[in-house]
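Asks: I'll drop the sequence and a predicted model, then ask my questions.
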Amino acid sequence: MLIVFGCTASHGYAKPTEHMAVVRVGEVFKVIYEGENAATIKVVISDSDGGIVFSEELISTHGFVRPYNFSQLPKGDYEICIIDQNTKHSRKICFEDRAEAVCSIEQNKKELTAHVVRLQGNKNRYMVSIPYQVNNEVEINIYSRDQELVFSEKQKLKNDFVKIYRLKNLDGATIKLLSENGEEKIFRTEGTE
């Protein structure tokens, strides 16, 4: 069984760790956090000099998605940290104009960048994130262990792409991403049972 959760977002970052991802939507950065247990979580946003520009405590029952609006902050580098009971998770972000980022990507002609990670504490949920790549179309295919196609979709990358796939009963599945330029990324999942 395949269950899909998802969202798309504007240009920015979606580089997941086992617990955290950050996705830019215009001047808002959405923080996606998945924890293992209910806990009090501290969120701290710091500027490039280490000065705290925002801080709050939340009660999380296994995770959250929370938007942080940067529209009143100067352009520059920031760090978003989530401190749970035992660990500090952080993501460095660059808050710049979208036009500057698009020009930078076009000049560098980067290959397809994508991340696939198993969400911590859940053997059968995988987060696929693909940063904005100048309107590139990506085909996402999920195959069973026997290489039988069980799910396929195409996504036009007008924004960052983030989606969570629940690979229930798909032990040893393969996730293949294919760009319109012919670049392919293959991720083999762990057992999901």
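Replies: Everything's here; your move. Residues are numbered from 1 along each chain as shown.
Asks: quick one: pLDDT of residue 159?
Replies: On pLDDT, residue 159 comes in at 74.
Asks: one more: residue 50?
Replies: Residue-level pLDDT assigned to residue 50 equals 91.
Asks: in contact with it, which residues?
Replies: Applying Cβ atoms under 8 Å, 6 or more residues apart in numbering to residue 50 gives no contacts. For every residue, glycine as well, the C-beta is placed using N, CA and C.
Asks: helix/strand/coil for it?
Replies: Going by DSSP: H, G, I helix; E, B strand; the rest coil, the secondary structure assigned to residue 50 is coil.
Asks: which helix or which strand is home to the residue of the chain most remote from its centre?
Replies: Residue farthest from the centre of the chain, counting by Cα atoms, centre = their mean, is residue 146 at 27.8 Å. Counting by DSSP states H and E, there is no helix or strand that carries residue 146.
Asks: can you give me the distance of it to residue 170?
Replies: 11 Å (Cβ to Cβ, to the nearest Å).
Asks: tell me how this protein divides into domains.
Replies: According to automatic domain parsing, the chain comprises the domains 17-101, 111-188.
Asks: for this protein, what spans make up the helices?
Replies: Here the chain has its helices, by DSSP state H, at 98-108.
Asks: can you list the low-confidence ranges for it?
Replies: 1-18, 97-111, 120-122, 133-135, 190-193 (pLDDT under 70).
Asks: apply 50 and report the result again.
Replies: 1-17, 98-109, 192-193 (pLDDT under 50).
Asks: span of stretch 168-177 from start to end?
Replies: 20 Å (Cα to Cα, to the nearest Å).
Asks: list the contacts for the closest residue to residue 60 other than its chain neighbours?
Replies: Leaving aside its sequence neighbours, residue 60 sits nearest to residue 41 (Cβ to Cβ, 6 or more residues apart in numbering; 4.7 Å). Residue 41 is in contact with 33, 35, 57, 58, 59, 60, 64, 82, 83, 84, counting by Cβ under 8 Å, 6+ apart.
Asks: swap the cut-off to 7 Å and go again
Replies: If you count contacts by Cβ atoms under 7 Å, 6 or more residues apart in numbering, residue 41 has them with 57, 58, 60, 82, 84.
Asks: neighbour count added to those residues, as a markdown table?
Replies: A markdown table is the format used below for the contacts of residue 41 (neighbours: other Cβ atoms under 10 Å):
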| residue | neighbour count |
| --- | --- |
| 57 | 10 |
| 58 | 13 |
| 60 | 18 |
| 82 | 23 |
| 84 | 18 |
